[in-house]
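Colleague: return a 3D structure for these sequence lines:
(2 chains, ligands or ions: 2)
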Amino acid sequence: MTKTQNMEALGADFAGIDVPNIVTVSIRINGKVVTRAVPSRMLLVHFIREEAGLTGTHVGCDSSSCGVCTVLLDGSTPVKSCTMFAVMAHGRDVKTVESLAVGGTLHPVQQAFWDQHGLQCGYCTPGMMMTALALLERNPNPSEHDIREGLSGNLCRCTGYNNIVKAVQQAAGAMSASSAADPSAADD
Amino acid sequence: MTEIKTEQPEKMAMGRSMKRKEDPRFLQGKGNYIDDINLKNQLYMALVHSPYPHANIKDIDSSAAMEVPGAVAVVTAKELDAHGVGWLPTFHGLDKQMVLANGKVLYQYQEVAACYAETREAAYDMAELVAVDYEPLEVVNDPYKAMTDEVLLRPDREAKTNHIYNWNVGDESGTDAALAASDHVIRQHITFPRVHAAPLEPCGCVAEFDAMGRLQFYVTSQAPHVYRTALFMVLGIPEDKIRVISPDLGGGFGNKVPIYPGYVCAIAGALVLQRPVKWIETRTENMTSSFARDYHMDIEIGASTDGTLTALKVNTVADHGAFDAAADPTKYPAGMFGVVTGSYQFPHAFANLDAYFTNKQPGGVAYRCSFRVTEASYLIERAMDILADDLKMDPTELRRKNFIRKDQFPYQTPLNFVYDSGDYEHTMDVALEKIGYTELLKEQAEKRARGELMGIGFSTFTEVTGAGPSKHFDILGIKMFDGAEIRIHPSGSGIIRTGTKSQGQGHETTWAQIVAEELGLDPQNFIVEEGDTDTAPYGLGTYASRSTPVAGGALALAARKIREKARKIAAHLLEVGEHDLEWKDYKFEVMGVPGQSVTMKEVAFAAYTNPGDNEPGLETTLYYDPPNMVFPHGTYVAVVDVDRETGETKVRRFLAVDDAGTIINPMIVEGQIHGGLTEGFAIAFMQEIAYDEAGNNLATNFTDYLVPTSLESPHWETAATCTPSPHHPIGAKSVGESPNVGSPAAFVNAVIDALSPLGVRHIDMPLSREKVWAAIRNAEQTHPAAD
Ligand code: FES
Ligand code: FES
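Modeller: Numbering: from 1, shown residues only, chains lettered A, B, ... in the order given. Ligands and ions are numbered 1, 2, ... in the order given. You can find the predicted model right below:
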């Protein structure tokens, strides 16, 4: 048990580590710390959905192919939460789709997906938007090719991507316009 | 926002790209999909699957599984049989299907046992530990091998043969005679490979028997009412004791039409264990539980020297896998395959089909198509190109020469359909102009002179959709009409309910637009409810592009029924006779007195406050049995470059010109077309449920079965023409499956056109880089002069 107190160590190598069945995991999700005693093999996506009760993050393939489970880790690193154990996120910061709209106002990425009809069944949409956010963080002014490449870890079975690309273009415009208007945001 | 430019007149609510009402909930992660539903005290179920495609089951030992902490029960065919739920009817009605493998397994991944546990993890642990003793049997993987019946796959069937059924239509002797008399006949074997609908959300359910002993069944279903009736048939529970609720669906595409064994096991578990049971498919379970297509077709087309078509004959071998679970209406065992004469005038035609059992997963779902239309459209559109090539004609000229002309509708085809309307030549002209065909041909000639491979491929398909007319259609005997219910509240807002079920098609918006248009009310003020059998009127659900043709018709007519009642109340308010009123500019107006009018909003309020001698309230339910199916059409053009060294294909342009009749929401229609084209692209170039010789399924997840990403998906161009259906209440035809039905032929025709200078005549899908490369190398070796 003592060996596993430092949960961060689990991220790298399980060999030789005596992993207990139940571990206590604390993750800051959308700014709120959620602490639960869970099976050590619980996936991050199940922690988010079942322990934190945030069902906007979905499961589509359970094998890191589809990206519908994408969340942002420690700021803006997109991770497929079906491919990580909950313990690996212990003490870290996770953002899900539920963090985007503030006070009922849609985030520019959400607004753009709505305006451009970038969704149909909506199942891929949360993961798609989280990846788009991470992409725009890295590259605020992406070309169509940059967008297609940036989203290529996320599958959509309904839209054919044309409108998703347009949505990300709109969001890029809206976000750079608002950060230009707000110098403090531009400094970040 | 780019919009499909329609040729239809402007209306108030219809024909507008209204943003979708359902989106804010999806965008905020507030959708309510099946795995988001959790009931108090619920158990989790996991299934045990067979690793063998064909094997006797000698023994099942669940003792180790029951040792898992949290284990509750293991159920096998034996227990299900004891409860009389060991077999379920298929929607086809021509076969029945084992719920859990009974005595032997018939395909790899077939369900063998169900494990119930306190947690998801424990249920999976149990499934690993159920010990099944198999005795492997010889595998029959090829439908042509199944014909010989050396290995009998289904001894439970009365007919001791692997042959399931023969279906044919048309005039065989006339066709044979016409073919024999033709100047020119082409013959080609063409396979439409086995593919999978693969929605991103897998299937799943939560079953509960409530305190009143009533089954509450939450399930991913495109057809909740049919599920309720089918469950009554399987379980013997009266329908009033069953409530089926289909929540938000993360895509369906036909995959959420069948009743899967997992559903029956979840219900059986909930009944026996008296606790709610949840079962959510893994991706592998989703990939191995059903399929679409798998048609092996031989086509012959006769023509005179000038390209006039004389006859068409098709022989098809259909591989249905282990059970005949094809979702086809009972009167059409091969679905709408009879539309194989396409957009063309064939004086004689004959289609014959034989279906066989093999050791493959069952299904035959109508994957984004109206029951086998995709196979038929692909076949005729591919064959027309082969004929054009043989006759040294331009493929568009051959088509133009043989199109059914717009003045020939309604058109009786030799294979028993009556097409409602269409203007094929106009749609093709729009496409040729928009794509710049003349310039493309010039560019192609220049490239060919340099030895480069560029192809232009066409598909000028006709679809048959709107499965509904009860004289033709039933599933399990239930006629395929659809219901609509509309309630207008005193303030002029309202609620709409239908028997359909959106899987992303945007019904919450589209249905509101139809009703708003008919009543002159604001579509923003309607809510739409579907998917709950306790509240929705009976309907056959959403698949086969039937929602707008059938439920859309029901909604328009229901709204008109409300308008007729409203007219009486309006007459009372205006103190005139109801025949003195006309419905004009979305108001009731006293004829010839423009100022004298009342709006529907005013009438709605009066219906509850001051209806006069009329019955109060403003609501209605209506069932619509369409007089005929509807026949959307389109012209699709693909422009591809093929790399001669690597076999890599690049889709440089793709234009889809669709004629879906009246369009309700162009933005939604365009989105549907983009999505369908991307699925067609995947089928043409990358997807196949392949099996190895031993019967192993080689497509069990998204690394083996490829779904295109944003990177390889082409950029789509769209346009629309409009020939309304003359018999549909609003002239709508539907579009959701057209792009998936029409596009594979355009892609393949383009690639074959690119390779035609090398003498390549046909390659079966998927046109992977390896296959195209091999065809190029092979052609270069056979005809070195082609270099
Ligand atoms: S569920 Fe995580 S990538 Fe598909
Ligand atoms: S909107 Fe359905 S999967 Fe993307």
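Colleague: chain center to the helix ranked longest in chain B: distance?
Modeller: Longest helix in chain B by number of residues (criterion: DSSP state H): helix B:553-574. Mean C-alpha position of helix B:553-574 versus that of the full chain (C-alpha atoms, centre = their mean, to the nearest Å) differs by 34 Å.
Colleague: again, but for stretch B:181-200
Modeller: 18 Å.
Colleague: any bit of it sitting next to chain A?
Modeller: Yes. Among the residues of stretch B:181-200, B:A198, B:P199, B:L200 lie within reach of chain A under C-beta under 8 Å from any C-beta of the partner chain. (Glycine included, C-beta is placed from N, CA and C.)
Colleague: could you do stretch B:708-719 as well?
Modeller: Yes. Using C-beta under 8 Å from any C-beta, stretch B:708-719 reaches chain A at B:T709, B:S710, B:L711, B:S713, B:H715, B:W716.
Colleague: returning to that earlier point: got the contact list for the helix or strand following the longest helix of chain B?
Modeller: Next along the chain after helix B:553-574, taking DSSP states H and E as the criterion, comes strand B:581-584. Residues from elsewhere that reach strand B:581-584, judged by C-beta atoms under 8 Å, 6 or more residues apart in numbering or on different chains: B:R563, B:R567, B:A570, B:A571, B:L574, B:F588, B:E589, B:V590, B:M591, B:S597.
Colleague: closest to ligand 1 out of these?
Modeller: Of all those, ligand 1 sits closest to B:R563, with 47.9 Å by C-beta to the nearest ligand atom.
Colleague: who are the contact partners of the residue of chain A found nearest chain B?
Modeller: Closest to chain B within chain A is A:G56: 1.8 Å, counting by C-beta to the nearest C-beta. By C-beta under 8 Å, 6+ apart, the residues touching A:G56 are A:T96, A:V97, A:E98, A:P126, B:Q28, B:G29, B:K30, B:G31.
Colleague: got it, and A:E149?
Modeller: By C-beta under 8 Å, 6+ apart, the contact list for A:E149 reads B:S710, B:L711.
Colleague: wait, is it part of a helix?
Modeller: Yes. Applying DSSP: H, G, I helix; E, B strand; the rest coil, one finds A:E149 inside a helix.
Colleague: for A:L155, see how far away it is.
Modeller: A:E149 is 14 Å from A:L155, where distance means C-beta to C-beta, to the nearest Å.
Colleague: any idea whether A:V68 is helix, strand or coil?
Modeller: Applying three-state DSSP: A:V68 is coil.
Colleague: number of nearby residues for the single nearest residue of the stretch 351-500 of chain B relative to chain A?
Modeller: Using C-beta to the nearest C-beta, the closest approach of the stretch 351-500 of chain B to chain A is made by B:R368 at 10.3 Å. The tally of other residues near B:R368 (other C-beta atoms under 10 Å in any protein chain shown) stands at 28.
Colleague: so which residues of the stretch 251-400 of chain B form strands?
Modeller: B:277-280, B:292-303, B:309-319, B:348-356 (DSSP state E, counting those that start in this stretch).
Colleague: can you tell me the average pLDDT over stretch B:307-317?
Modeller: Per-residue pLDDT over stretch B:307-317 has a mean of 98.
Colleague: where in chain A is pLDDT low?
Modeller: A:1-19, A:181-188 (pLDDT under 70).
Colleague: center of it - which residue?
Modeller: Centroid-nearest residue in chain A: A:V71, 1.3 Å away (criterion: C-alpha atoms, centre = their mean).
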